[in-house]
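Novice: When you get a sec, could you give me coordinates for this:
(chains A and B)
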Amino acid sequence: MPTEQSPPPPARRRKRRRRVAVHFRLTMSGWIFLAISLTVGAAGVNSQAPLSFVLFGAMMGALHVSAVMARRNVAGVSIRREAPGRVWQNQVAHVGYFLRNERRWGSSLGLYVEELPAEGMEWVPAYCLHLPRRSVFRSGGRFVAHTRGRRRLREIRVSTTFPFGLIRAFARYPCDHGLVVWPARGKVLGRLLPRGAVEISNSAPSPATGGQDEFFGLREYRPDDNPRWIHWRRSAGRASPVVREMARTRPDVLWVLLDAATPGEAPEAVQAREKLLRFTATVVDVAFARGYRVGMALAGEGGILVHAPAPGLEQRARLLDALADVDDAPAVPPAALAARVGAPALQNATVLLVTIAPGTAPPPLLNASRSVNVVDPQRCDRIFADERLPTPPEARPCP
Amino acid sequence: MPLRPYTDTEIRITERKRLERPLLLAVWLAMAGFSITEGAMFYLLAGSAAVGVSLLAAQVGCEVYVRRPLLNTGLILATAVMFLELFAGRQQLIIILGHYLILIEICKLFDRRRNRDYVQLLAISMLLVVTGAMLCEDLWYALLLLCELMLLSHTAMRLTLKRGLDDTVAARLSVEGAAPEPRRAAWNMMRHWPTRALLGRLGVILAVVSVLGGVMFLVVPRLAAGSAALLQGSRSAATSGYSGSVQLGQTREVYLSDRTVMRVHVDGNLDDPGSWYLRGNTLEQYADSRWFGFQPGQLPGLSSPPPPRPDAPAGEVLVQEVTQVQSLAPAMFGIAPAIRVFGETGEGRVGGDGTLSLPREPSPRPYARYTVHSWARPLSEEQLAYLAERQEAGLAVRPYVHTTRRVEVLARQWCADLLARRQTEPRRRNELDLRIAGRIAERLREEYAYTLDLKGSDPKRDGVEDFLFHMKRGHCEYFASAMTVMCNIVGVRARLATGFRIDPAGANEGDYVIRERDAHAWTEVYTPATDWVVFDATPGDYADIQRSWWSPLTDYWSGLQQMWSEQVLQYDWDTQRKLWGMLRSGVLRAYHWLARVGGTVWEAVLALLLHGELHGVLIPAAAGLGLAVLAMELTILRRRSLRPRSWRGHAWALVPNRRELRFMVDLLRLLERHGVRAGPQHTPRHIAALAAQRLHLPPGPLEDLVALYYRLRWGLAPATDDDLRAARAHVRSLRDTLRRRP
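Specialist: Sure thing, here's the model as predicted:
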């Protein structure tokens, strides 16, 4: 449902409206119409038929009024974008545009709203059929990013072909917006994230409802215990009451050691690295969904970057941003990554070594952690599948 | 012929029905206009039937189409018909092209229409209109052209909006399996169909298009002077009115003009039919379809002083007080035989042939006033002798009448018995001459028809022969010419008289209003015993045509056609040059005036600054400057003080005009009556919330109604009768609730 906003209270002193440069372009229909008009004019001069002169003038007038009306439709509109800051690669994202007609008189009709084409992105323009004067309309567009990384949406183009579809008038509105495209999610076929052990046992369940608490056992009642936790049914046949003891699962820790150095400029190598990144992003997303605390170490421009394990959406966004930003990183041996993280940190964690170079886990890493998984391109092909292979974006002309 | 119901998307989102109706009307107008212009009834009927079927289907929300092979066969047949017409070579190329376009359009009407097909239909209609404009330049076609432009503009606007909706609804990304649900897509694009905005735009477009069309008509270069008239020879037109000359054989249509040209007060008895004619000029020589009067040199002694006039009893004189427009000058009009004429500057002169003249006035005035005295019939011996003596010189000259042999044979055939008797009874010549004239007039009245449309005449033939043997219809000049020529051929002295015919029944206490449409031509036959006697060979239905009950409408239409013919069709290089000359001289005059005024003011300012002298011209200049500054300041203040005004429309007017949504219109009207007014930015949900808050209504029923409205307007599920009945009951209960409140 479009979100309407009432026009803001009028200011005592109106701000001078910024004039927007409006550009024009004849559409294909416009060129044909122009050719027919000139033919009618030439036929009129040749035949001296008075009505043909009137018709020629009317057709020229139609072209002129097309340009004037299209300009008026576009010029009096201001626009604001409401776009997500982070999107997944190859997933449809929605963007909202708040169109406001600032003119005192006259509505705007048939407005297309589209972003200036950004590399690797595909857009469906938003459309507003009717924007009455002094009113706001929220129109929605959709887009999909076919490549990961950071994008900047710099300008919005508002255009119209109203009234006759002969002339397209368009105005560009600067509207800067940063967008991070995370690597696409896929489907992990293997079991890479085993369940962790019980962390502590206590008589009281965790305060959070729906927590990962489970029944551990019964023990005798102690004076400091809460009588509420006495298991009355089991205590009925005993001399002293017994209480329930619950166990809370220890938060799992996942360390992702990423070696994403590109082995060359070959397209196959680039595709292999991209697939590894998509796999890593999927694993990170799944791990957060399962309650893992995820940390990551990867090679960056300034050396090895280490993100300490932490829960929460913020950490998830931080890690996925880092995956989106992976560029031509220098090759770092897995042992160096493990050394940078440190053996104590890896001791009770699940370690996922994602490396583009085929091989096995280095001995220091095997010594440091009980659970080490190594994923190279060959294994990645076996245990990971893309959700949907995107077709290459076509050049979509504005309708 | 398969029928496909419109899809929900077409009904609810792309508003196909709104597009179909004006488009089909535009298509029909284009086809009908061309067919009527060219006179092809088959194409008119076929086109009308095709449009009618499509319109009926659209009215019930269906699309009628034929299968593609059949459609392709139709297109091939249309092309074959075009080539057949082309090879037959009987018609102009432009007509063949028009036929082809009509056939193509009929085929396209039965295609499954997409946006591309709509564009093609619009383009073909426009081409048909252009083709028709090359063939026909009548006023009715110009009006049809205006209607067509309006419809095409309206349809093109709707189509442009529809294309945007269609494209956005159909657009999908490469990673999407299918386009999103149309209802959701539409909800992102439109709140309601902008009918009012489109109508407003249409008015602006028509104004601009008309103005630019007119300007282009004025400024596009024309051919040299007279060429346009030659090109338009077959389509020229003229208005009814008095003209001193008569020329037959002009292929034109005569329009009746209601312009008043004369007022006459007649004092006397008008019982004699001959006194119903106000004669202005007489013409006695005919050659090459044209009538001439006697030149002054051809009538010896005409300039000699008139003989003394015998007295007549007061009751036998018809006194006519005439007020006529100056455009009729120098012609003067009076009932024959006129004997005296008085102007405001003195008595005028009555010529030997009965023409009247007055001393030249020092300064011409828009109206000329004079009084004419005429003798009433029958004339006495003295009066006849006086008249014979007065026109002795004119009667001595034998009129020159040159026509073809066929006319002479026909005249002699009609009057063979009377001519034989005239040979044998020379003493009864006067009586027989009058009977011969009467016979000819009678035959003409009986066997020939009256018409103002002379487009079928052939200018290469003699006018009288063309009238008598080919056209067999014409207006008063043709009847009078034929009779005058035939009378002279068989030896009866006759002449053609032009002037006005008055209707005694239309008198108001002797006052007669004479209009241009009353201009007339008749025949006067001379015998020494009767002087010139009026014979009107024009059929009697001539008067009936003018007095029909719809004559005001036809007169108005004739006036418009005449104006169109004179101002538009006759617009040529000469007129264009004159117009530019007028414009140039106007601009130059304005420039000189401004330069003069500016120079005067500048000198006054210099005198004030250098010598301290205050000239009077500075006062109005300063006052004008002050007023201009004041007006500018007021304009600025006004602009600054303007607030965004409240929306003056009605929320219920934005609800689509559909039967099932009527309850929403009723609800919004009800709320508006109780003070809940909404702006264009408010949705029905907003309005319902506002009403619940302001009017302290239970929000439940209002929300139910709005939900139903949304479902009907945007949803895909049709409403049941129970839903609609419940909605109406809700609205009624709300109305009762609000009515019961104090």
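Novice: Need the per-residue pLDDT for B:Ser380.
Specialist: For B:Ser380, the model assigns a pLDDT of 83.
Novice: number of nearby residues for it?
Specialist: 13 (other CB atoms under 10 Å in any protein chain shown). Heads up, the C-betas are built off the backbone N, CA and C, glycines and all.
Novice: Moving C-terminal from the helix-or-strand element of chain A with minimal mean pLDDT, which element do we reach first?
Specialist: Ranking every helix and strand in chain A by mean pLDDT, DSSP states H and E puts strand A:198-202 at the bottom, with a mean of 54. Remark: after strand A:198-202, the chain's next helix or strand is strand A:213-220, criterion DSSP states H and E.
Novice: Residues contacting the host helix or strand of B:Glu321, please?
Specialist: Using DSSP H and E, the element containing B:Glu321 is strand B:317-325. Strand B:317-325 has contacts (CB atoms under 8 Å, 6 or more residues apart in numbering or on different chains) with B:260-270, B:275, B:278, B:332-335, B:366-376.
Novice: Okay, now the sheet partners of the very next helix or strand once past it, with direction.
Specialist: Moving toward the C-terminus from strand B:317-325, the next helix or strand (DSSP H and E) is strand B:334-335. Strand pairing for strand B:334-335, determined by DSSP bridges: strand B:277-283 (antiparallel).
Novice: Now do the strand it pairs with and strand B:317-325, the angle between them.
Specialist: Orientation note: strand B:277-283 sits at an angle of 70 degrees relative to strand B:317-325 (axes from the mean of the first three to the mean of the last three CA atoms, to 10 degrees).
Novice: re earlier: now could you export just the CA positions of the strand holding B:Glu321 as PDB?
Specialist: Extracted C-alpha coordinates of strand B:317-325, given in PDB (Å, rounded to 0.1, in the frame of the first residue of the first chain):
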ATOM      1  CA  VAL B 317     -48.100  56.100 -57.200                       C
ATOM      2  CA  LEU B 318     -46.100  53.700 -55.100                       C
ATOM      3  CA  VAL B 319     -43.800  55.600 -52.800                       C
ATOM      4  CA  GLN B 320     -40.800  53.600 -51.600                       C
ATOM      5  CA  GLU B 321     -38.500  55.000 -48.900                       C
ATOM      6  CA  VAL B 322     -35.300  53.000 -49.200                       C
ATOM      7  CA  THR B 323     -32.400  52.600 -46.700                       C
ATOM      8  CA  GLN B 324     -29.700  50.500 -48.200                       C
ATOM      9  CA  VAL B 325     -26.100  49.500 -47.200                       C
END
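Novice: May I ask which helix or strand encompasses the closest residue to chain A within chain B?
Specialist: Minimum separation of chain B from chain A (CB to the nearest CB) falls at B:Met216, amounting to 2.6 Å. Element membership for B:Met216, per DSSP H and E: helix B:195-219.
Novice: got the residues of the stretch 101-250 of chain A near chain B?
Specialist: Neighbours of chain B within the stretch 101-250 of chain A, by CB under 8 Å from any CB of the partner chain: A:104, A:107, A:109-110, A:112, A:122, A:124-130, A:132-140, A:142-144, A:161-165.
Novice: quick one: which of those sit in helices?
Specialist: Under the assignment DSSP state H, these contribute nothing to helices.
Novice: The helix or strand where B:Ser585 lies near chain A at all?
Specialist: Assigned by DSSP H and E, B:Ser585 belongs to helix B:573-611. No. Judged by CB under 8 Å from any CB, helix B:573-611 stays clear of chain A, getting no closer than 9.7 Å.
Novice: In terms of secondary structure, what does whichever helix or strand comes after that helix contact?
Specialist: Next helix or strand after helix B:573-611 toward the C-terminus (DSSP H and E): helix B:618-641. In terms of contacts (3 or more CB pairs under 8 Å, 6 or more residues apart in numbering or on different chains; DSSP states H and E), helix B:618-641 is packed against helix B:573-611.
Novice: low-scoring stretches of the stretch 51-200 of chain B, by residue?
Specialist: For the stretch 51-200 of chain B, the stretches with pLDDT under 70 are B:179-180, B:182-184, B:186-187.
Novice: Which stretches in it count as strands?
Specialist: Along the stretch 51-200 of chain B, counting by DSSP state E, counting those that start in this stretch, strands occupy B:62-64.
Novice: go on, the stretch 1-150 of chain A?
Specialist: Taking DSSP E, counting those that start in this stretch as the criterion, the stretch 1-150 of chain A carries its strands at A:22-26, A:77-82, A:86-88, A:93-101, A:108-115, A:121-124, A:126-131, A:136-145, A:149-160.
Novice: Using a markdown table, lay out those strands together with mean pLDDT.
Specialist: Conversion of the strands of the stretch 1-150 of chain A to a markdown table gives the following (pLDDT from 0 to 100):
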| stretch | mean pLDDT |
| --- | --- |
| strand A:22-26 | 91 |
| strand A:77-82 | 87 |
| strand A:86-88 | 92 |
| strand A:93-101 | 88 |
| strand A:108-115 | 91 |
| strand A:121-124 | 87 |
| strand A:126-131 | 89 |
| strand A:136-145 | 87 |
| strand A:149-160 | 90 |
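Novice: Which among those is found nearest to B:Leu202?
Specialist: strand A:108-115 (12.0 Å; CB to CB).
Novice: quick one: strands adjacent to the closest one?
Specialist: strand A:126-131 (antiparallel), strand A:149-160 (antiparallel).
Novice: picking up where we left off before, what residues of the strand holding B:Glu321 count as buried?
Specialist: B:Val317, B:Leu318, B:Val319, B:Gln320, B:Glu321, B:Val322, B:Gln324, B:Val325 (16 or more other CB atoms under 10 Å in any protein chain shown).
Novice: swap in stretch B:404-418?
Specialist: B:Thr404, B:Val407, B:Leu410, B:Ala411, B:Trp414, B:Cys415, B:Leu418.
Novice: So for the residues you listed, which is the shakiest by pLDDT?
Specialist: Among these, B:Thr404 has the lowest pLDDT, at 83.
Novice: Isn't that residue up against B:Asp462?
Specialist: Yes. With contact defined as CB atoms under 8 Å, B:Thr404 counts as touching B:Asp462 (5.4 Å).
Novice: List buried residues within the residues of the stretch 101-250 of chain A next to chain B.
Specialist: Applying 16+ other CB under 10 Å to these flags A:107, A:109-110, A:112, A:122, A:124-130, A:132-140, A:142-144, A:161-165 as buried.
Novice: so what's residue 341 up against?
Specialist: All of this refers to chain A. Under the contact definition (CB under 8 Å, 6+ apart), the residues listed for A:Val341 are A:Trp255, A:Leu257, A:Gly295, A:Ala297, A:Val306.
Novice: Not quite, go with chain B.
Specialist: Neighbours of B:Val341 in contact, by CB under 8 Å, 6+ apart: B:332, B:334, B:347-350, B:356-358, B:370-373.
Novice: again, only this time at 7 Å
Specialist: B:Val341 makes contact with B:Met332, B:Gly334, B:Glu347, B:Gly348, B:Val350, B:Leu356, B:Leu358, B:Tyr370, B:Val372, according to CB atoms under 7 Å, 6 or more residues apart in numbering or on different chains.
Novice: Now for those residues: which two are most distant?
Specialist: B:Gly334 and B:Glu347 (13.7 Å).
Novice: out of the two, which sits in the busier spot?
Specialist: B:Gly334 (27 against 13).
Novice: re the thing from before, any chance of TSV for the contacts of A:Val341, columns pLDDT, neighbour count and distance to chain B?
Specialist: Shown next, in TSV, are those (pLDDT from 0 to 100; neighbours: other CB atoms under 10 Å in any protein chain shown; distance: CB to the nearest CB, whole Å):
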residue	pLDDT	neighbour count	distance to chain B
A:Trp255	91	28	32
A:Leu257	90	29	31
A:Gly295	93	22	31
A:Ala297	91	26	32
A:Val306	89	17	34
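Novice: Filter the residues you listed down to just the ones in strands.
Specialist: Counting by DSSP state E, the contacts of A:Val341 place A:Trp255, A:Leu257, A:Gly295, A:Ala297, A:Val306 in strands.
Novice: Now tabulate the residues you listed in CSV and tack on distance to B:Leu695.
Specialist: Shown next, in CSV, are the ones in strands among the contacts of A:Val341 (distance: CB to CB, whole Å):
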residue, distance to B:Leu695
A:Trp255, 64
A:Leu257, 67
A:Gly295, 60
A:Ala297, 65
A:Val306, 64
